[in-house]
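Asks: Provide a 3D model corresponding to the input given below.
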Amino acid sequence: MATDSTPGPLHVDTVVVSAGRPGRAPGSSVNVPVELTSTYAADGAVNYARVGNPTWNAFESALGDLEGGSALVHASGMGAISAALSLVAPGGTVVAPDQTYNGTGDLLIAFEQAGGSVVRVHAGDTEGFVAALDGADLLWLESPTNPLMDVTDLETVLARSRELGVTSVVDNTLPTPLLSQPLGLGADVVVHSVTKYLSGHSDVVLGATVVADTERGRALGERLRRHRTLHGAIAGPLEVYLALRGLRTLSVRFERACANAAVLAERLAGHPAVARVRYPGSGAMLAIDVAGDAAAAERLCAATRVWLHSTSLGGVESQLERRRRHPSESAAVPESLVRLSVGIEHVDDLWSDLEQALEAV
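Replies: Take a look at the predicted model:
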């Protein structure tokens, strides 16, 4: 009996390796090259590099395949966030978690100062979100939130936003497409800081937006593309090439980092110098409330040898930081909270380093 040899949908682990590649013509390159040009000969698909670049196209194709939509690369995560927030008109109403990434929080404050309205709901308050969406123009979500690691019922909240026609945006930086695909749950736009897990090596600054391949999604995508073009927050081709190369190992990097994080969360929960562990149950991020004050948390960060005391996350190296050292961080974040971005080092080395540093607390 003949069998159907047509392959089914690829697993996400395969997509990160195979998406965004050139065609397989004899002698063709395995990778899309870096195209360094500011302008193009007339009458082609693109006439100026602020509008498009083949290196961008490859990365956007790969990320779009991962998220199940169409992607745009931006100059930074904040560039992507700014573009997404531009979808709400001045004077409109945004519903958002009461604690978000502090860059997003600063933009929401600026939006209010310009005459807009922001309704803030605790990330875990599903009923609060559902109630707040009536009359809203845009819904902004993070799950988990950064840095408190609170989790939102995305499926329920996004379903309600869809019913009401409220434009919804989900920052998917922390879970990555490996753990969450919000477009499949009804989100209109997904935002990434590509700087973090997608590129994964702490060597580029990039962002991305992704919209669904629907009539509504394509219309939003055109607005995002126009915002990128007119505001000029475009990515350099070399940075995008490095991000695409980093994306190829996302699955194995993230699997190792998530496994490390689960072990560390369990061990930290039993340490007397740790008052609270904030771990959403998956992913490679967690936070701890140090048993003590801000100075105690700073002593912990200063005492590590393997962990890097730094402000970013999502790299192969493990990083930690007391978040309230930044004036723009939300007052809802405890003074002694330390955010941990778990990398791919050996978990026992990470634990030993944390354990000796906790003695400084």
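Asks: How about Val189, nearest residue that isn't a chain neighbour?
Replies: Excluding its sequence neighbours, the residue lying closest to Val189 (CB to CB, 6 or more residues apart in numbering) is Val169, at 4.5 Å. Just so you know, the C-beta spots here come from the backbone N, C-alpha and C atoms, and that holds for glycine as well.
Asks: my read is the one you found is in a strand, agree?
Replies: Yes: assessed with DSSP: H, G, I helix; E, B strand; the rest coil, Val169 lies in a strand.
Asks: dump the residue contacts of it.
Replies: Ala84, Leu85, Leu87, Leu138, Leu139, Trp140, Leu141, Ala187, Asp188, Val189, Val190, Val191 (CB atoms under 8 Å, 6 or more residues apart in numbering).
Asks: Give me the pLDDT for Thr3.
Replies: At Thr3, the predicted lDDT confidence score is 40.
Asks: how about the helices in the protein?
Replies: 12-18, 54-67, 77-85, 102-113, 126-132, 154-164, 176-179, 215-231, 237-247, 250-269, 294-303, 347-358 (DSSP state H).
Asks: which one of the ones you listed has the most crowded surroundings?
Replies: Among the helices of the chain, ranked by average contacts under mean count of other CB atoms under 10 Å, first place goes to helix 77-85 (a mean of 24).
Asks: from memory Gly343 sits against Ala257, does it?
Replies: Yes: counting by CB atoms under 8 Å, Gly343 sits close enough to Ala257 to count as a contact (5.9 Å).
Asks: beta partners for the residue nearest to Val189?
Replies: When bridges are called by DSSP bridges, Val169 pairs up with Trp140, Val189.
Asks: For the stretch 151-300 of the chain, give me the ranges with low pLDDT.
Replies: Across the stretch 151-300 of the chain, nothing is flagged by pLDDT under 70.
Asks: anything in contact with each of Gly343 and Ala257?
Replies: What both Gly343 and Ala257 touch, as defined by CB under 8 Å, 6+ apart, is the set Ala284.
Asks: okay, now the domains of this protein?
Replies: Per automatic domain parsing, the domain ranges recorded for the chain read 12-247, 250-358.
Asks: Look at the longest one and report the distance between its end residues.
Replies: Length of domain 12-247, first residue to last, CA to CA, to the nearest Å: 12 Å.
Asks: Check the offset of it from the chain's centre.
Replies: 8 Å (CA atoms, centre = their mean, to the nearest Å).
Asks: The residue lying closest to Ser61 once chain neighbours are set aside: what's it in contact with?
Replies: Spatial nearest neighbour of Ser61, excluding adjacent residues (CB to CB, 6+ apart): Gly20 at 4.3 Å. Residues near Gly20 by CB under 8 Å, 6+ apart: Val32, Ala58, Phe59, Glu60, Ser61, Ala62, Leu63, Asp65, Leu244.
Asks: Try it again at 10 Å.
Replies: 31-32, 55, 57-66, 71, 244, 247-248 (CB atoms under 10 Å, 6 or more residues apart in numbering).
Asks: Also Pro327?
Replies: Here Pro327 is in contact with Asn102 (CB under 10 Å, 6+ apart).
Asks: what do you get for Ala136?
Replies: 88, 92-96, 117-119, 129, 161, 164-168.
Asks: Now with 8 Å, please.
Replies: Ala136 makes contact with Thr93, Val94, Val95, Val119, Ser161, Leu164, Val166, according to CB under 8 Å, 6+ apart.
Asks: unless I'm mixing things up, Ser341 is touching Met285, no?
Replies: Yes: Ser341 is within contact range of Met285, at 5.9 Å (criterion: CB under 8 Å).
Asks: Now do the shared contacts for those two.
Replies: With CB under 8 Å, 6+ apart, Ser341 and Met285 have common neighbours Leu313.
Asks: Please work out how many residues are found near the residue lying closest to Asp289 once chain neighbours are set aside.
Replies: In space, and not counting its chain neighbours, Asp289 is closest to Arg276: 4.0 Å by CB to CB, 6+ apart. By other CB atoms under 10 Å, the residues close to Arg276 number 15.
Asks: For Ile81, see how far away the residue nearest to Val189 is.
Replies: As judged by CB to CB, to the nearest Å, Val169 and Ile81 stand 9 Å apart.
Asks: just Ala208 next, same as before
Replies: With CB to CB as the criterion, Ala208 and Ile81 are 11 Å apart.
Asks: contacts for stretch 148-161?
Replies: 97, 99, 122-124, 126, 129-130, 133, 136, 139, 141-145, 167-168, 170, 180, 182, 185-187, 278-281, 285-287, 332-333, 337.
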